[in-house]
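Engineer: Next come a sequence and a model predicted from it.
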Amino acid sequence: MTSVALALALVLTLVLVLGDDESQRPPLDPEADLSSLLAGFTSSLSAEQDYRSPGAGERRTAAAGFAALLDASPEGTASLGKLGFAVRDGTDRQTGRPYTVAVNESGTERSWGMYLIDRSAPPSLAVEVPHPVSDLRTESFGLDYFRQVPGAVLLIAGAHRKADDGRADVAHEVDSVFHVVATTLAGRGLPQIQLHGFDDQNLPDDDIVLSSGATVAGPPAHRAADRLEAAGLDVCRAWASSCGALEGTKNVQGKAAAKDGTVFLHVEMSRTVREAGTANVIRALVEADLRKA
């Protein structure tokens, strides 16, 4: 056998053994804490990054894989691996609670998100960040919220909202892994809270806009508004007054929640609030406890 033929045979053997997905999916750093993992994940997000929407078959694989991952089945890791996700278990250094994280492969068009499951309690709440980096610091708010609610599941989009001519905006695209995961959780009855940001000049008299999207504003939304106001924040309640273009009525996760009859809370935070830090906002939302009717 010639040297060229031998080299081709070796390459073919490696592809057959490893699979093309495995060769592009380095293992997650077992030493990285969640804050570092999140910072590394979001550092590569930009409007120019590669992204494509998953096909119907890929969305079905994502739904089955994430459902299995929620149930701690090894089938979840195997299924998500086919989509380029790396999965690992760990313990959060800040809270001491166990978790499972699934992260998309980097540097490819399959920029489909980071999903974090708190294993200290049964799944209880979906915390969603559809516009990381684009909506400044919302990913930090999401992680802080996740850390304060046992059983929380954190969803962070894998691409900048403007990537692929805006098709990466998962809050308005049903053809996304993010939407598949969100609807899987809502299908299990979990309430969803989605974190967004707005420029101060868009609504200068308010710090927070709360909306139930396409759903009816129930007790959880009212409790959240009351708690935020008690924390000294000016809240525009979209179910009681006009809050401009920040009411989230076109949000596709909110529309799905309305159809399923589950809780959905859309939270818009001013830039000033986001720059001030997470403490007041997250404490108020945790105290409102969206898991209660």
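Structural biologist: Received the coordinates, thanks.
Engineer: contacting residues around T61?
Structural biologist: Taking C-beta atoms under 8 Å, 6 or more residues apart in numbering, we find T61 in contact with S79, L80, K82, L83. The way it works is simple: take the backbone N, C-alpha and C, and place the C-beta from them, glycine included.
Engineer: do that again at 10 Å, thanks
Structural biologist: P54, G55, S79, L80, K82, L83, V177, V180 (C-beta atoms under 10 Å, 6 or more residues apart in numbering).
Engineer: And for L228?
Structural biologist: Taking C-beta under 10 Å, 6+ apart, one finds 207-208, 210, 234-235, 237, 267, 269, 273, 280-281, 283-285, 287-288 in contact with L228.
Engineer: Can you tell me how far it is from S242?
Structural biologist: 18 Å (C-beta to C-beta, to the nearest Å).
Engineer: Beta-bridge partners for the nearest residue in space to R119 that is not next to it in sequence, please?
Structural biologist: Nearest residue to R119, sequence neighbours excluded (C-beta to C-beta, 6 or more residues apart in numbering): P98, at 4.1 Å. For P98, the beta-bridge partners are T91 (DSSP bridges).
Engineer: Run a quick check on P98 versus L116, I expect a contact.
Structural biologist: No: P98 is not in contact with L116 according to C-beta atoms under 10 Å; the separation is 11.4 Å.
Engineer: more neighbours, those two?
Structural biologist: For P98 versus L116, neighbours defined as other C-beta atoms under 10 Å are more numerous around L116 (24 against 13).
Engineer: so is the more buried one in a helix, a strand, or just coil?
Structural biologist: The assignment at L116 comes out as strand when based on DSSP: H, G, I helix; E, B strand; the rest coil.
Engineer: one step back: can you list residues touching both of P98 and L116?
Structural biologist: With C-beta under 10 Å, 6+ apart, P98 and L116 have common neighbours G90, D92.
Engineer: Highest neighbour count among the contacts of L228?
Structural biologist: That'd be L285 among the contacts of L228, by other C-beta under 10 Å, with 29 neighbours.
Engineer: Dihedrals phi and psi, F264?
Structural biologist: The phi and psi values for F264, taken as degrees, to the nearest 10, are phi -140, psi 130.
Engineer: tell me the contacts of it?
Structural biologist: 126, 128, 182, 186, 191-194, 211-218, 220-221, 248, 251, 253-258, 290.
Engineer: which stretch of helix or strand covers V153?
Structural biologist: Per DSSP states H and E: V153 is located in strand 152-156.
Engineer: Now do the residue lying closest to T272 once chain neighbours are set aside against D135, distance only.
Structural biologist: Leaving aside its chain neighbours, T272 sits nearest to D200 (5.6 Å; criterion: C-beta to C-beta, 6+ apart). According to C-beta to C-beta, D200 stands 13 Å off from D135.
Engineer: These two: which is more packed in?
Structural biologist: D135 (21 against 14).
Engineer: hang on, that one packs against G197?
Structural biologist: Yes: counting by C-beta under 10 Å, G197 is a contact partner of D135 at 3.7 Å.
Engineer: what touches both of the two?
Structural biologist: F141, E268, M269, R271, R274.
Engineer: Keep only those of those residues that are in strands.
Structural biologist: Residues of the shared contacts of D135 and G197 located in strands (DSSP state E): E268, M269.
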